[in-house]
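> no sequence on this one, just coordinates:
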């Protein structure tokens, strides 16, 4: 007969979770003790169904007291601890039996996989927590929030040995259900921890937890200071040191002290040279500092790291999708879209739910310019078997202004039998407008009743339908209706402009002055016009804006014209902008791209050199110059082949250059 | 009372060097004895201005014999022996004080600073026995590299001053002397093959002639046989042997030698420097750093050890900076270069590295501000170097500023003075910075006269400026003037074509075949400079000077011309463009390390 195991829990109102938890341990433990700190729901009944011994214990503000109360009645040789929002992994049931058979160990760290619901996709973040230990009367929890037992066991029995039970895995769903903690709860925790720390200023672990809470409360500079204090003079064998180091890096970084963060990265790598997370964050910070050489080296190292030991509690993807994604970004900084695409695809393969990679892929495919090619690539890359997948792709494409393709995916993803979210309907209408399918668009837009919160937007798009068709009467009518709703000054001014821009004579006067809100809306409309090739209409609209105002935003206007291939107009606006901002590297670079497309390579090179002088830390101008001179050489060689057909060397050089590309 | 010190020299055909030498020493000595071994120039005449003790001694292929003949003619208590290409520098201490406090010593080693081809502080220090009592037992021995030996070592002292400066030899003189010495030495070695001194000298000559394989056995034998008692010879012999192994590509052996010898002479700075260089060549930069740092820590080596000036400071700092760059520690590298330049402002090389570091790190404008604030522009040579570098990097406006904004120690700009060279340089940079009228004003103030050194007058650039100003008539006149100079044919022909292309749009005919390379080079230079000139202005409008478009236009004409001229010029243009792309690729890789690989 092996060792007996007691599962101990403390619960309060956990009827939603506790069944999953207890089901996972049936047969894996020999008794279940549940201390209830005052449930008012079905928690206790469910626990009893599973044969648990339920002990009521009035909540006194201390997690440790409650936990210790659950230890008292335990009769097993080992104590195993779970929270109600956790579950023992099915494969770990045997491991539990096996590790408790080990005579020489007093306790185990087990792997806890936290499921996080960040930014729309689920990801897992492993951690290492002390959850399994021998049942001895003097092993008791202490600490009000982060109840701890490891240091107690060590104090009682300095010979005690711990191990990491890597194949003992607990899934933790708590972070998925609620935002980690509400703000006042955080502050309460912080206050409690501070009090405890005042009593035990030497308690390193307590200080670590305090630092982590400060970090979660977004008090980064203080967090860094406390965490550094917790780490100074620490025994390098300390099991939580890797996590502590990562927190210091994160805290310094968030506190705006990247140099300090990098110092800790280096120091940490001296101790744990295989710690992928440190390389990853080192790379991230270097990238933000525009130290691309260093970022590259860090990321490459992160990818080369072996499987991470459990006590590193490595963040998911630092050896894979996250790092690939960052390398993709790096490649884009070097204007190497091919390599960037490769990296993003690797990222997505490693984690198909990692939307940032997907979004970058879509962007690089230029779905607006070549929808069919983009569709073929996407079909190869992803499986669009669920409506959600199609909707997601539709949204991404919509954000990339690839209206035609976005429409296809939205259509596929929307189920006509169920109610369609109004935002999606609006998107569909916009996509239809951008395909000149005005009637269909209007049919959808008519569905928005005057009281609807999206009614003004729908109305505006109706106006656009008529405006784009040059229908002055209908445009005016809808403009008046929309204005009657009472718009902000800026929005109203743009709407009036729309109505007036179809007039035969331009309104005299200095033009409208628009604030940021108005300009944003105006640029949106210009974009929509240019997307449909309505260059004159766009310019007419811009003609109603005051010179001063236009000068200020000429850079953005120019870039829009450039995006849609109207090079001369783009140059015109960019040069207006450069008159007042001659040192704007971004504008100069766009101008260089225009010159390059117009085949004025000498001027393009000169502009690139100016960009280089202004932003020597950005690789793009270097890369562009390399390409421009390469292009000049190829043009020359082509002419030489024509002019001197009897000289074979030019043909050979041209072929070689072609192969290099 | 007997005169105290006699300067004793043997000379032949030294009319160029002799005045400087005698002027430097005349006040330090009481008697001058000169033995002429057969001059055919004005040597004897010059010598007569300084002394009447001039003797003739027919050359017999034996330096010692001639020198001893001269010694026999001196009446003073002490002898100072100098060569005509040497100077005595008493600024650190004079001879009379030295001999009056000789404390029973009979001879002194004096420091000899052998200047390198660079001006300034580029020299190596040796100690030579050149000051000794006028006694019969102190006589020269050896047919070549003759030396005086002092039998009792304790009778010889070491003096830190005065210093004997040795002039650098022109390549021709050096080769002549090498050949002459080699013949004498080989004969001497045949007669006395075990003599380590002769082997050492022979090894040095072979090495100097680039025959490292022949030098090797000589130097190996010298190092093995010479003892610490002959440190005067053993120290340079070890360094020559290191250099010899290095030249033969036997780096590991050279390193072993440095390791052994630095253990034997732990304060011999130069060995640590040599080792650092060897490790750097092998790419082991982290190790090299340690050796250079040790060289810096040690300071100058003790007297008697031959010493290359700077191994204890700027030379080690320069190479240390390079190693740090290779180790991607740019901040440390920058500091090393700064310290090297502060230690020796005439040692200009670190400025090139510092420039590139700053350029890619800070960008040109910030880099310029840095150089100005740090005072580099106040030193004429550094300012001119920086101006050239900014120009090469494509920032003629900053090149101008380098020359204009410093407060150089140099005197006013006069035609024919060093200031004129500076004005011409500035004019050249102005032309491509869009400031042609200023350039013309400068060139007008410091006109070119056919007789002064013509190298630095920007004659081609002046004509280019005229083309940019569309003054084709004057441009043509100037180009025709250039044509009349034999070396000016190619460039003039190129410019005449560019004038024709820019003016009427048609070229004016083919050059003679033999001028074509010069023509292509000139047009390529115009192209390069015009492309540089475009960088400074936003396209389109710019007040004053030729519009940026003019530079583009001329650049285009230059390219068009090269395409049409011949397949060869076309190929040259193609490789020029390829080289431009490569230059930016190298810059990218320098700046971004391995990440630069992303660009392709």
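Alright, I've got the coordinates. Quick caveat: nothing in here was measured; it's all calculated off a predicted structure.
> residue contacts, residue B:299?
Contacts for residue B:299 (CB atoms under 8 Å, 6 or more residues apart in numbering or on different chains) come out as B:269, B:312. Every residue, glycine included, has its C-beta placed from N, CA and C.
> distance of it from residue B:194?
Applying CB to CB, to the nearest Å, the value for residue B:299 to residue B:194 is 37 Å.
> residues from the stretch 551-661 of chain A in reach of chain B?
Listed as neighbours of chain B in the stretch 551-661 of chain A under the rule CB under 8 Å from any CB of the partner chain: A:575, A:578, A:582, A:591, A:602-603, A:605-607, A:609-610, A:612-617, A:619, A:622-623, A:625-627, A:629-630, A:632-633, A:636-637, A:639-640, A:643-644, A:647, A:649-650, A:653, A:660.
> ok, 6 Å please
Within the stretch 551-661 of chain A, the positions adjacent to chain B are A:578, A:582, A:602-603, A:606, A:609, A:613, A:616, A:619, A:622-623, A:625-626, A:629-630, A:632-633, A:636-637, A:639-640, A:644, A:647 by CB under 6 Å from any CB of the partner chain.
> buried sites along stretch A:532-550?
Judged by neighbour count (16 or more other CB atoms under 10 Å in any protein chain shown), stretch A:532-550 contains these buried residues: A:532, A:534-535, A:537-542, A:544-545, A:549-550.
> on the pLDDT front, check residue B:407 for me.
Note for residue B:407: predicted pLDDT of 58.
> picking that back up, report the buried members of the residues of the stretch 551-661 of chain A next to chain B.
Buried among these (16+ other CB under 10 Å): A:578, A:602-603, A:606, A:609, A:613, A:616, A:619, A:622-623, A:625-626, A:629-630, A:632-633, A:636-637, A:639-640, A:644, A:647.
> sorry, back to before: which of the residues of the stretch 551-661 of chain A next to chain B fall within strands?
Among those, no residue falls in strands (DSSP state E).
> quick check: buried residues in stretch B:385-402?
Neighbour count says stretch B:385-402 has B:385-391, B:393-402 buried, by 16+ other CB under 10 Å.
> please report how far the nearest residue to residue A:101 once chain neighbours are set aside lies from residue A:29.
Of all residues not flanking residue A:101 in the chain, residue A:2 sits nearest, at 5.5 Å (CB to CB, 6 or more residues apart in numbering or on different chains). Residue A:2 sits 12 Å away from residue A:29 when distances are taken as CB to CB.
> and the two? Which one has more around it.
The neighbour comparison of residue A:2 against residue A:29 (other CB atoms under 10 Å in any protein chain shown) goes to residue A:29, with 24 against 11.
> longest strand in the chain, by residue count?
Since no chain was named, I'll use chain A. For chain A, the strand with the greatest residue count under DSSP E is strand A:121-134.
> wrong one, chain B
If you go by DSSP E, chain B has its longest strand at strand B:123-133.
> residues from chain A in reach of chain B?
So chain A meets chain B at A:292-293, A:296, A:331, A:334, A:336, A:339, A:578, A:582, A:602-603, A:606, A:609, A:613, A:616, A:619, A:622-623, A:625-626, A:629-630, A:632-633, A:636-637, A:639-640, A:644, A:647 (CB under 6 Å from any CB).
> so how far is the helix or strand of chain B with the lowest mean pLDDT from its chain's centroid?
Every helix and strand of chain B was ranked by mean pLDDT, DSSP states H and E. The lowest is strand B:147-148, at a mean of 76. Here strand B:147-148 is found 31 Å from its chain centre; the criterion is CA atoms, centre = their mean, to the nearest Å.
> listing partners with orientation, what would you give for that strand?
When pairing is defined by DSSP bridges, strand B:147-148 lines up against strand B:140-141 (antiparallel).
> residues in contact with the strand it pairs with: which ones?
B:64, B:67-68, B:146, B:148 (CB atoms under 6 Å, 6 or more residues apart in numbering or on different chains).
> what do you get if the cut-off is 8 Å, keeping everything else the same?
With contacts defined as CB under 8 Å, 6+ apart, strand B:140-141 is touched by B:63-64, B:67-68, B:71, B:146-149.
> just these now: which is nearest residue A:86?
Lowest distance from residue A:86 to the contacts of strand B:140-141 (CB to CB) belongs to residue B:147, with 92.0 Å.
> do I have it right that the closest one meets residue B:138?
No - look at residue B:147 against residue B:138 with CB atoms under 8 Å: they stay out of range, at 10.7 Å.
> what's the distance between residue A:85 and chain B?
43 Å (CB to the nearest CB, to the nearest Å).
> number of nearby residues for the closest residue to that residue other than its chain neighbours?
Distances taken as CB to CB, 6+ apart put residue A:174 closest to residue A:85, at 3.9 Å, once the chain neighbours are dropped. Neighbour count of residue A:174, defined by other CB under 10 Å: 14.
> so residue A:174 makes contact with residue A:83?
Yes - the criterion here is CB under 8 Å, and residue A:174 meets it with residue A:83 at 7.0 Å.
> okay, and the common contacts of those two?
By CB under 8 Å, 6+ apart, no residue touches both residue A:174 and residue A:83.
> quick revisit: pLDDT of the longest strand of chain B, averaged?
Strand B:123-133 comes out at a mean pLDDT of 86.
> how is the chain divided into domains?
Reading this off chain A. A:5-177, A:181-315, A:583-661 (automatic domain parsing).
> actually chain B
Domains of chain B are assigned by automatic domain parsing as B:5-166, B:170-249.
> the ones you listed: lowest mean pLDDT?
Among these, domain B:5-166 scores lowest, at a mean of 84.
> measure that domain end to end?
One end of domain B:5-166 to the other measures 21 Å (CA to CA, to the nearest Å).
> tell me which helix or strand the nearest residue to residue B:522 once chain neighbours are set aside sits in.
Nearest residue to residue B:522, sequence neighbours excluded (CB to CB, 6+ apart): residue B:494, at 3.9 Å. Here residue B:494 sits within helix B:489-503, counting by DSSP states H and E.
> so what does that helix touch, helix or strand wise?
Applying 3 or more CB pairs under 8 Å, 6 or more residues apart in numbering or on different chains; DSSP states H and E, we find helix B:489-503 packed against helix B:459-468, helix B:472-483, helix B:516-534, helix B:548-565.
> I'd like those written out as JSON lines, with distance to residue B:303, mean neighbour count and mean pLDDT added.
As requested, the helices and strands packed on helix B:489-503 are exported to JSON lines (distance: least, CB to CB, whole Å; neighbours: other CB atoms under 10 Å in any protein chain shown; pLDDT from 0 to 100):
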{"stretch": "helix B:459-468", "distance to residue B:303": "52", "mean neighbour count": "24", "mean pLDDT": "87"}
{"stretch": "helix B:472-483", "distance to residue B:303": "56", "mean neighbour count": "17", "mean pLDDT": "87"}
{"stretch": "helix B:516-534", "distance to residue B:303": "51", "mean neighbour count": "21", "mean pLDDT": "86"}
{"stretch": "helix B:548-565", "distance to residue B:303": "59", "mean neighbour count": "20", "mean pLDDT": "86"}
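> before I go, just wanted to say thanks for your time.
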